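Asks: Sharing a model prediction with you, sequence too.
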Amino acid sequence: MSPAPAFLSAAEVQSHLRSSSLLMQPLEAALNLADKVESAIFLGVMPAYSAAEDALTTKLVTFYEGHSTTSTVPSHQATVLLFEPSNGTLLAVMDGNVITAKRTAAVSAIATKFLKRPNSEVLCILGAGVQAYSHYEIFSEQFSFKEVRIWNRTKENAEKFANTVQGEVRVCSSVQEAVTGADVIITVTMATEPILFGEWVKEGAHINAIGASRPDWRELDNELMNRAVLYVDSKEAALKESGDVLLSGAEIFAELGEVVKGVKPAQCEKTTVFKSLGMAVEDTVAAKLVYDSWSSGK
């Protein structure tokens, strides 16, 4: 676990930055290298206001390619800042990794509640990282599956997952073995090319596609994307960020919010895909819940 970050007040910043002259040399060096960009580093900023919660946040996300295989440090890390919406005062700085994992899984569970077929019995998870654990946790709480399967590119990690979580999980040697006959499939991988093929997916299955969050990355193949009824969290984001959507040319049927509101139907009798990219308001709601619980001493 990483050490807790330092929080420096205005007085502490002032004491370490006594004069603007201290900045001249490092800023001159920075300006000299301003055109050099490190392509392996990504910093995302996700601000949002929730009227329902009267909460204002922004999430900072760092993503380093390659860390998943070459470092014990997670490839994705996040920090959430919570503000008082009436005047902009900073109320809290909190770890965003747990928030991201749990709110993403919760939204997948909402999509599954509306889009899965009744009496779905087999759950399949592709991937064995942080999101796999958070999805398994809430799916075990919210649904009753008779069988749970897991596959991961590194089999040892899938076995570790199966031995760590509560309940029986079957480790599969291939994606095809894992998904054949599955009613609900969750893809939480770092794949950049399709690993889930439509010919393996039974008619009427529901897929929560969580990975492949870049316009040139894929988890699902064209056959599956074009056969399924496609739901997204945000059309605008999906048409900019999702390689599964952009490269397949699949038509978006509805946003999940439209289904929740009853504006668009949940076509659970058909094969359905929910493409999740995450929305900033989800972090806001989660951060406010955490802060209110902390404030009340619970």
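Replies: Thanks, I have the structure now. Residues are numbered from 1 along each chain as shown.

Asks: shouldn't L126 be in contact with V184?
Replies: No. Between L126 and V184 there is no contact under C-beta atoms under 8 Å: 11.6 Å. Yep, even glycine has a C-beta here, placed from its N, CA and C like the rest.

Asks: More neighbours: the two, which one.
Replies: Applying other C-beta atoms under 10 Å to L126 and V184 shows that L126 carries more neighbours, namely 29 against 24.

Asks: SS state for F274?
Replies: Using DSSP: H, G, I helix; E, B strand; the rest coil, the structure places F274 in strand.

Asks: and it, how many residues sit next to it?
Replies: If you count neighbours by other C-beta under 10 Å, F274 ends up with 25.

Asks: and if you look at the one 10 residues further on?
Replies: T284 is flanked by 27 other residues according to other C-beta under 10 Å.

Asks: quick one: it and S50 touch, right?
Replies: Yes. Counting by C-beta under 8 Å, T284 does reach S50; the two are 4.4 Å apart.

Asks: pretty sure P194 is touching E219, no?
Replies: Yes. Using C-beta under 8 Å, P194 is in contact with E219, at 6.4 Å.

Asks: Overlap in contacts, those two.
Replies: Counting by C-beta atoms under 8 Å, 6 or more residues apart in numbering, P194 and E219 have no contacts in common.

Asks: What ranges does the stretch 101-250 of the chain have for its strands?
Replies: All strands of the stretch 101-250 of the chain, identified by DSSP state E, counting those that start in this stretch, fall at 122-126, 147-151, 170-171, 184-187, 206-209, 229-232.

Asks: So what's the gap between the third one and the chain middle?
Replies: Put simply, strand 170-171 sits 23 Å off its chain's centre (C-alpha atoms, centre = their mean, to the nearest Å).

Asks: Now do that strand, average pLDDT.
Replies: Taken as a whole, strand 170-171 carries a mean pLDDT of 98.

Asks: Identify all contacting residues around it.
Replies: Contacts of strand 170-171 (C-beta under 8 Å, 6+ apart): 147-151, 155, 158-159, 162.

Asks: neighbour count winner among P194 and E219?
Replies: Neighbours per residue (other C-beta under 10 Å) separate P194 from E219, with E219 holding more: 28 against 22.

Asks: quick one, what contacts A237?
Replies: 277, 279.

Asks: rerun at 10 Å
Replies: Residues in contact with A237 (C-beta atoms under 10 Å, 6 or more residues apart in numbering) are 213, 245, 255, 275-279.

Asks: Next: C124.
Replies: 145, 147-151, 170, 172, 175, 177-187, 196, 201, 205, 207 are the contacts of C124 under C-beta under 10 Å, 6+ apart.

Asks: repeat for T57
Replies: By C-beta under 10 Å, 6+ apart, the neighbours of T57 are 46-50, 80-83, 85, 91-92, 94, 96, 99, 280-281, 283-288, 291.

Asks: Which of the residues you listed fall within helices?
Replies: Residues of those located in helices (DSSP state H): 99, 280-281, 283-288, 291.

Asks: Thanks a lot, catch you later.
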